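1. how does the following fold in three dimensions:
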Amino acid sequence: MQDLPIIDLRRIEANIIRPIYEEMVNELGEETARRILGRAIRRNAVEQGRSLADGSDGRTGIAQFARLLERWKAGDALRIDVLEQDDERFDFNVVRCRYAEMYREMGLGEIGRLLSCNRDGALCEGYDPRLELTRTQTIMEGATHCNFRYRLRREAPD
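-> Reported below is the predicted structural model:
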């Protein structure tokens, strides 16, 4: 599964998650189901970040992180405009997000943020605790673009 483009992996996951989520909504209500799903996906993203860091031979800086983005972009899944990249920052805008398109086509647009966007900051925590994401808007939530702003702090937060 390591070679599978992330968008294909997310489609498989969404097909498995859909009936489970629908049952949770029926049993627990939408708010609780979303909260549980969000926590589970976030926890999984932290673990995925740790796994990526483990495969990086201890080098988890911005340049290495930026190279990882290629797997998320595979299959024209994301179109991005890089605004700035150096040793301490990586700023880009996503101008087309096929993840958002896919979730809407699958009828999962209302939870697409939980299934995908929710992972981005959590992945950083597992990958390198010094790496921080700021994002104020996403295509998934109706914006014209997603504004990713990564910063590498000198020290990890306590």
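2. give me phi/psi at the residue nearest to Arg98 when sequence neighbours are not counted?
-> Once flanking residues are discounted, Arg98 sits nearest to Ala77: 4.6 Å by CB to CB, 6 or more residues apart in numbering. In short, each C-beta sits where N, CA and C put it, glycine included. The phi/psi pair for Ala77 (degrees, to the nearest 10) reads phi -70, psi -30.
3. wait, isn't Ala77 in contact with Glu101?
-> No: taking CB atoms under 8 Å as the definition, Ala77 is not a contact partner of Glu101, at 9.4 Å.
4. between these two, point out the one with more neighbours.
-> Ala77 (20 against 16; other CB atoms under 10 Å).
5. quick one: contacts for Leu123?
-> Leu123 is in contact with 45-46, 48-49, 52, counting by CB atoms under 8 Å, 6 or more residues apart in numbering.
6. mind checking pLDDT for it?
-> If you check Leu123, the pLDDT there is 96.
7. and Thr24, how many residues sit next to it?
-> Actually, residue 24 is Met. It isn't Thr. Met24: 18 neighbours (other CB under 10 Å).
8. ok, Thr60 next?
-> 21.
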